[in-house]
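Any chance you can model this:
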Amino acid sequence: YHDAFATMVDAFLAANLFIGEDQCVLQGTCQANPKFCAYVPFDQVADNNYFGLRHVLHVGGDYNFWYMPPSKQEEAANWLPSR
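Sure, this is the predicted structure:
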């Protein structure tokens, strides 16, 4: 993931885009590499929803992760997200 994130930072800089808000870079990295990222629906987080990642990492448990659906090209290549 780190290499993909660094590549996205470089892409933002090449396009003269602001990188001070890293959530945009994170989102771009996830969109470019969908199998790197998953979403835990807010109703599965017993903590403050704004700090869901903290809860998932510290408490653990079984979650029904959502992954970005594969593109048509990825489907054609039998792409499956790592789970």
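
quick one: Thr7 from Ala32, how far?
Thr7 sits 8 Å away from Ala32, going by CB to CB, to the nearest Å. Bear in mind the C-beta positions are built from the backbone N, C-alpha and C, glycine included.

likewise Val59?
For Val59, the distance to Ala32 - CB to CB - is 30 Å.

go on, Gln23?
15 Å.

Which residue of those two possesses the greater neighbour count?
Ala32 (13 against 7; other CB atoms under 10 Å).

these two touch, right, the more buried one and Tyr1?
No. Ala32 is beyond contact range of Tyr1, at 11.3 Å (criterion: CB atoms under 8 Å).

Report the contact partners of the residue nearest the centre of the chain.
With distances taken as CA atoms, centre = their mean, Cys37 lies nearest the centre of the chain, 3.0 Å away. Neighbouring residues of Cys37 by CB atoms under 8 Å, 6 or more residues apart in numbering: Thr29, Cys30, Tyr67, Met68.

Identify the farthest-apart pair in those.
Pairwise distances across the contacts of Cys37 peak at 14.4 Å for Thr29 and Tyr67 (criterion: CB to CB).

Who has more neighbours out of these two?
Thr29 (23 against 16).

So the more buried one lies in a strand, does it not?
No. Under DSSP: H, G, I helix; E, B strand; the rest coil, Thr29 sits outside any strand and is assigned helix.

From the chain's centroid, how far away is stretch 23-34?
Stretch 23-34 sits 6 Å away from the centroid of its parent chain (CA atoms, centre = their mean, to the nearest Å).

got the contact list for it?
1, 4-5, 7-9, 11-12, 17-19, 36-37, 67-68, 70, 81.
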